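**Q** return a 3D structure for these sequence lines:
(chains A and B)
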Amino acid sequence: EPEVTQTPSHQVTQMGQEVILRCVPISNHLYFYWYRQILGQKVEFLVSFYNNEISEKSEIFDDQFSVERPDGSNFTLKIRSTKLEDSAMYFCASSLAGNQDPTQYFGPGTRLLVL
Amino acid sequence: AQKITQTQPGMFVQEKEAVTLDCTYDTSDPSYGLFWYKQPSSGEMIFLIYQGSYDQQNATEGRYSLNFQKARKSANLVISASQLGDSAMYFCAMRVSNTGNQFYFGTGTSLTVIP
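**A** From the prediction side, this is the model:
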């Protein structure tokens, strides 16, 4: 069964460093998403991406964040200058379509720790 | 504003018994979808079940069923014949058609199945 994959599974970085989190969505899906979950808290939406551009973003997704689909398979989240409060689990998700099949399938997550 | 509420931080159930996890939602949009995800201790988010706001029947997927009461704005998850492997966090989520594709998550319920 197709699944969303994410790399790396864990990332430790120093405050102020740039990190890139990578995702391979399900191959025939058209919508891609990033969410984050701070330890012990609920999952929060960051951004959605469709047709090679951002379709929605939350207040959390400020200028420090960017997303890219550099090729036909990868979808990346870049954090330019990490802060301590960026420590969280980051989930990539994808969905086939908007209204017709809205289910989002999540990857296993990247656990980011900023020191 | 869209909101998902899960009022049970923790639940216990005896193996082979059924358990209901509560979820209430708030939206003024008539078109929305409700989802349940399971998050084991390993961290991944596993899709369980989906209910559309216009669906006439309650959704079922194997041992999972969704008790959808539209007038009460509730979408409770029922797990029948609990198994030890059902021990996990369970998140209720909502997608509202007119606000795009982002999911709004509840705070989750931690379920422990007792042998």
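
**Q** neighbours of residue 115, how many?
**A** Assuming you mean chain A. As a burial measure, A:Leu115 scores 10 neighbours (other CB atoms under 10 Å in any protein chain shown). Quick note: C-beta positions are derived from backbone N, CA and C, even for glycine.

**Q** was after chain B, sorry
**A** 6.

**Q** thought it was touching B:Leu84?
**A** Yes - in this structure B:Pro115 lies within contact range of B:Leu84 using CB atoms under 8 Å: 6.3 Å.

**Q** now the phi/psi pair for B:Ser97, please.
**A** With angles defined as degrees, to the nearest 10, B:Ser97 sits at phi -60, psi -40.

**Q** excluding its backbone neighbours, what's nearest it?
**A** In this structure, B:Ser97 finds its nearest non-sequential neighbour in B:Ser31, 4.0 Å apart by CB to CB, 6 or more residues apart in numbering or on different chains.

**Q** returning to what we had before: residues shared between the contacts of B:Pro115 and B:Leu84?
**A** Common contact partners of B:Pro115 and B:Leu84 (CB atoms under 8 Å, 6 or more residues apart in numbering or on different chains): B:Glu15.

**Q** verify the stated contact: the residue nearest to B:Ser97 with B:Ser53.
**A** Yes - between B:Ser31 and B:Ser53 there is a contact under CB under 8 Å: 5.8 Å.

**Q** out of these two, which sits in the busier spot?
**A** B:Ser53 (18 against 13).

**Q** okay, that one: pLDDT?
**A** Here, the pLDDT recorded for B:Ser53 equals 94.

**Q** look at the nearest residue to it once chain neighbours are set aside and say how many residues are nearby.
**A** Once flanking residues are discounted, B:Ser53 sits nearest to B:Tyr32: 4.7 Å by CB to CB, 6+ apart. When neighbours are defined as other CB under 10 Å, B:Tyr32 has 22 of them.

**Q** ok, B:Gln56 next?
**A** Neighbour count for B:Gln56, taken as other CB under 10 Å: 6.

**Q** need the contact list for it.
**A** For B:Gln56, no residue meets the contact criterion (CB under 8 Å, 6+ apart).

**Q** quick check: pLDDT value at residue 99.
**A** The chain I'm using is chain A. A:Asn99 carries a pLDDT value of 64.

**Q** my bad, chain B
**A** So B:Thr99 comes in at 75 (pLDDT).

**Q** same question for A:Leu112.
**A** Listed pLDDT for A:Leu112 reads 98.

**Q** what are the buried residues along the host helix or strand of it?
**A** Using DSSP states H and E, A:Leu112 maps to strand A:110-114. By neighbour count with 16 or more other CB atoms under 10 Å in any protein chain shown, strand A:110-114 contains the buried residues A:110-112, A:114.

**Q** show me which of those residues is closest to B:Pro9.
**A** Proximity of these to B:Pro9 (CB to CB) peaks at A:Arg111, which lies at 22.4 Å.

**Q** separation between the closest one and chain B?
**A** A:Arg111 sits 7 Å away from chain B, going by CB to the nearest CB, to the nearest Å.
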